[in-house]
Structure formats: structure tokens, C-alpha cells
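Enquirer: here is the input, now give the coordinates:
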Amino acid sequence: EVRLVESGGGLVQPGGSLTLSCAASGFSFGSYDMSWVRQAPGKGPEWVATITSGGTTNYADSVADRFTISRDNANNTAYLQMNSLNPEDTAVYYCNADQGIVGGFDYWGQGTQVTVSS
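Expert: You can find the predicted model right below:
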């Protein structure tokens with residue numbers, strides 16, 4: 001059974017930090033590109049960051065200087081370190097695993113809520 005389980009969300013004050021984790025199982029984690037996508041209340045999904053199977057990272061402009069995506073292939077886990085959080089970062093954060101090939105598999109986690117508020 002394929003599973004992606006996000007954790008680490010919560011309530012944080014503006015300027016604070018959080019680290020999200022995405023624990024994967026049931027597929028060949030090291031062969032998949034891993035991404036974080038968020039959805040704020042009343043808005044559509046927004047891509048946040050991707051780390052490829054080869055370790056290349058890409059970020060949305062809105063988070064590029066504040067967030068860091070990483071992966072631990074030995075433990076089948078992806079991370080999103082978030083610094084200097086602001087209220088606009090409030091959203092449900094979803095983990096995505098993409099095989100990266102035409103017709104390949106694409107998996108999603110259930111999401112973890114991040115709320116930035118004083």
C-alpha cells in the first residue's frame with residue numbers, strides 16, 4: 001500500500017519556523033520527485049517546492065528565500081523547512097510523489113495544516 005504521511009504542521013507566530021515531514025512507504029521513494037503543494041482557504045493549490053530524484057531543488061518565488069526542501073532516501077522521508085513564516089503562508093500543505101515519466105505514478109498525502117497567526 002502506498003502511503004504519504006505529512007506531519008509537523010501547527011500554529012506558529014509570524015516570523016517563526018516549522019519543519020514539515022513527509023514519510024513515504026509502498027513505492028520506490030528514491031526514484032520519485034518529491035514536491036510540496038499548499039492550498040490556502042478559498043484559494044486553489046499552489047506549488048511550493050520540488051526536489052528531484054537526483055537532488056535538484058526548485059522553489060516558488062514566494063518562498064525561495066525562506067523555505068528549504070530536502071530528502072532522506074535512507075529513511076524514505078521528505079522535508080520542508082520553513083523560516084520567516086508570515087500569515088500568507090497559512091494553508092494545508094500536501095506532499096506529492098511523482099515518478100516523473102509519462103504515464104508514471106503520482107501520489108498525494110492527506111495534508112497538514114500550517115497556521116501563521118499572532
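
Enquirer: going forward, measure contacts and count neighbours with C-alpha atoms only.
Expert: Fine.

Enquirer: the spatially most central residue of the chain and residue 102: what is the separation?
Expert: Centroid-nearest residue in the chain: residue 36, 2.7 Å away (criterion: Cα atoms, centre = their mean). According to Cα to Cα, to the nearest Å, residue 36 and residue 102 sit 20 Å apart.

Enquirer: ok, back up a step: quick one: the residue nearest to the centre of the chain and residue 98 touch, right?
Expert: No. Between residue 36 and residue 98 there is no contact, the gap being 11.1 Å when judged by Cα atoms under 8 Å.

Enquirer: helix, strand or coil for residue 30?
Expert: Look at residue 30: counting by DSSP: H, G, I helix; E, B strand; the rest coil, its state is helix.

Enquirer: show the subsequent helix or strand relative to the helix or strand of the chain with the lowest mean pLDDT.
Expert: Taking mean pLDDT, DSSP states H and E as the measure, the helix or strand of the chain with the lowest value is strand 106-108, at a mean of 94. From strand 106-108 onward toward the C-terminus, using DSSP states H and E, the following helix or strand is strand 112-116.

Enquirer: average pLDDT for stretch 25-40?
Expert: Mean pLDDT, computed over stretch 25-40, is 97.

Enquirer: show me which residues of stretch 88-102 are buried.
Expert: The neighbour-count criterion (16 or more other Cα atoms under 10 Å) identifies 89-99 as the buried residues of stretch 88-102.

Enquirer: kindly reformat the residues you listed as TSV containing secondary structure.
Expert: Shown next, in TSV, are the buried residues of stretch 88-102 (three-state DSSP):
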residue	secondary structure
89	helix
90	coil
91	strand
92	strand
93	strand
94	strand
95	strand
96	strand
97	strand
98	strand
99	coil
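
Enquirer: between those, which is closest to residue 23?
Expert: Distance to residue 23, by Cα to Cα, is smallest for residue 95 among those, at 9.2 Å.

Enquirer: hang on, that closest one packs against residue 39?
Expert: No. Checked against Cα under 8 Å, the pair residue 95 and residue 39 is beyond contact range at 11.6 Å.

Enquirer: alright, calling it a day.
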